[in-house]
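1. coordinates only, sequence not included:
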């Protein structure tokens, strides 16, 4: 089976940098993805790491260490609109993905 | 290029009735995934389908729930004899291939069972 752990809540101020960690246990690993979900909305894809290292997309970066079964999402220059839930998801066999329970990010002025 | 479409957006059913949730994947996508989300919780995988095939239904309850993705038309998630515990948001996602990379999500169907 697969399980993921991520913090339930994170609070930061506008302009700051925040890191959301994700650790996983999996019987088969095909990459770590991150999704953003605003309250009541559809999850939207942010990034994917198939190999170790850092992937950068604008203000968002994601990191993966397969040997440590660990990854993180880094959000820079936080804006109020970044307040949302962030989910890490592990890809498993045959396309199935397992999602973490999500981290609620609150950005304060 | 239209995104993933789901309908209805909101569905109210009384206990014992049937609920049918529809999902039209993005154009060119032949892989569909269904997830359930309870308030303040994460997305729980239910089923992964390709056209006319169920690939993985390990997250589907054994009774009352079924899913299909016919050759023509949308994917359907069917819940028979609904109970209050079925109340949740049901999201559909699609991808071009069986990928663990990017899945595109629909807006979800909010099912309320009275």
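-> Ah, there it is. Fair warning: this is a prediction, and the values are worked out from it, not measured in the lab.
2. show me where the chain dips below the pLDDT cut-off.
-> In the absence of a named chain, this looks at chain A. For chain A, applying pLDDT under 70 flags the ranges A:1, A:93-95.
3. you answered for a different chain; I wanted chain B.
-> B:1, B:98-101.
4. swap in 80 and give it another go.
-> B:1-2, B:40, B:97-101 (pLDDT under 80).
5. against residue B:57, how distant is the residue positioned nearest the centre of it?
-> The centroid of chain B falls nearest to residue B:34 when counting by C-alpha atoms, centre = their mean (3.7 Å). In this structure, residue B:34 and residue B:57 are 9 Å apart, going by C-beta to C-beta, to the nearest Å. Heads up, the C-betas are built off the backbone N, CA and C, glycines and all.
6. find residues that contact each of the two.
-> Common contact partners of residue B:34 and residue B:57 (C-beta atoms under 8 Å, 6 or more residues apart in numbering or on different chains): B:46-47, B:67.
7. which members of these occur in helices, if any?
-> Among the shared contacts of residue B:34 and residue B:57, none falls in helices (DSSP state H).
8. which of those has the most neighbours?
-> Within these, most neighbours by other C-beta atoms under 10 Å in any protein chain shown means residue B:47, with 23 neighbours.
9. for the residue lying closest to residue B:65 once chain neighbours are set aside, grab the count of nearby residues.
-> Residue nearest to residue B:65 in three dimensions, not counting chain neighbours: residue B:79, with 5.7 Å by C-beta to C-beta, 6 or more residues apart in numbering or on different chains. Using other C-beta under 10 Å, residue B:79 has 22 neighbouring residues.
10. is it true that residue B:79 touches residue B:19?
-> Yes: contact criterion C-beta atoms under 8 Å: residue B:79 and residue B:19 qualify, at 4.4 Å.
11. any common contacting residues for those two?
-> Common contacts of residue B:79 and residue B:19, defined by C-beta under 8 Å, 6+ apart, comprise B:86, B:111.
12. show me which residues of chain A are close to chain B?
-> Counting by C-beta under 8 Å from any C-beta of the partner chain, chain A comes close to chain B at A:30-31, A:33, A:35, A:41-45, A:48, A:50, A:87, A:89-102.
13. same thing but at 7 Å, please
-> Residues of chain A lying close to chain B (C-beta under 7 Å from any C-beta of the partner chain) are A:30-31, A:33, A:42-45, A:48, A:87, A:91, A:94-102.
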